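Chemist: Fold the following, please.
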Amino acid sequence: MPSFTPEETQAILLSLQVAVVATVAVLPLGVALAWLLARRDFWGKTLLNGVVHLPLVLPPVVTGYLLLVAFGRRGFAGAFFDQCCGLVFSFRWTGAALASAVMGLPLMVRAIRLTIESVDARLESAAATLGASPFRIFFTVTLPLAAPGLIAGSILAFAKALGEFGATITFVSSIPGETQTIALAIYGLTQVPGGEDAL
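Modeler: Residues are numbered from 1 along each chain as shown. Below is the predicted model:
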């Protein structure tokens, strides 16, 4: 049975907390975007698809910097959330969860979208002809059939959040007990001479 120091235990628990919160928080948005991209045609669809997948192609450090600009205390979104509900993101564990959610969103959307696209649209049409509302069709036909995609997308987003490094260290730094996740703790150890012996 491996023994962990209090600092290591803290980093593990914080990583799990960040990953769970990020996955749960981004799931409704991921489902909505996946359904929109899979089932609707509208002007700007290609642009939206590109924006959703932007975190996959941008360097994570750039994503973290953009989050800091937008959600820092002086950023437009950060100032709004701070004044509105006292929610602070920069250099807090909530910011680590936000960064992880942003980085995991494209993986979740892609997995769910592919599953929704594989759902036979005739089943949805049949439900509509029987008088079901679009809301009911989504929750009783589309969503249950797309459940494997939801599970896969959630697992991918959780795994991405658990190992997120670049965006997190840029946005919230590596503060022990507050923002230092497993990935940041391991990085910190490798920067200290002889620190690799602790791994």
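
Chemist: rest of the way, CA atoms for contacts and neighbours
Modeler: Fine.

Chemist: center of this protein - which residue?
Modeler: When CA atoms, centre = their mean is applied to the chain, the residue found nearest the centroid is A101 (2.0 Å).

Chemist: Which element, helix or strand, includes that one?
Modeler: helix 93-118 (DSSP states H and E).

Chemist: rewinding a little: measure the nearest residue to the residue nearest to the centre of the chain once chain neighbours are set aside to V57 for me?
Modeler: Leaving aside its sequence neighbours, A101 sits nearest to A22 (CA to CA, 6 or more residues apart in numbering; 4.6 Å). Using CA to CA, to the nearest Å, A22 is found at 20 Å from V57.

Chemist: Of those two, which one has the most company?
Modeler: A22 (29 against 9; other CA atoms under 10 Å).

Chemist: circling back to that earlier point, which residues touch the residue nearest to A101?
Modeler: A97, L98, S100, A101, F158, A161 (CA atoms under 8 Å, 6 or more residues apart in numbering).

Chemist: Going by distance to I112, which of those residues wins?
Modeler: Of all the contacts of A22, I112 sits closest to F158, with 14.3 Å by CA to CA.

Chemist: which parts of the helix or strand containing the closest one are buried?
Modeler: Assigned by DSSP H and E, F158 belongs to helix 147-163. Buried residues in helix 147-163, counted by 16 or more other CA atoms under 10 Å: 149-150, 152-163.

Chemist: One more: stretch 36-51?
Modeler: Buried residues in stretch 36-51 (16+ other CA under 10 Å): L36, L37, A38, N49.

Chemist: And the longest helix seen in the chain, how far out from the chain middle?
Modeler: Across the chain, the longest stretch assigned as helix under DSSP state H is helix 6-39. Helix 6-39 sits 5 Å away from the centroid of its parent chain (CA atoms, centre = their mean, to the nearest Å).

Chemist: Renumber starting at 46 from here on
Modeler: Sounds good: first residue 46 from here, last item helix 51-84.

Chemist: between that helix and helix 192-208, how big is the angle?
Modeler: If you take axes from the mean of the first three to the mean of the last three CA atoms, to 10 degrees, helix 51-84 sits at 140 degrees to helix 192-208.

Chemist: Quick check: next helix or strand after helix 51-84?
Modeler: helix 90-97.
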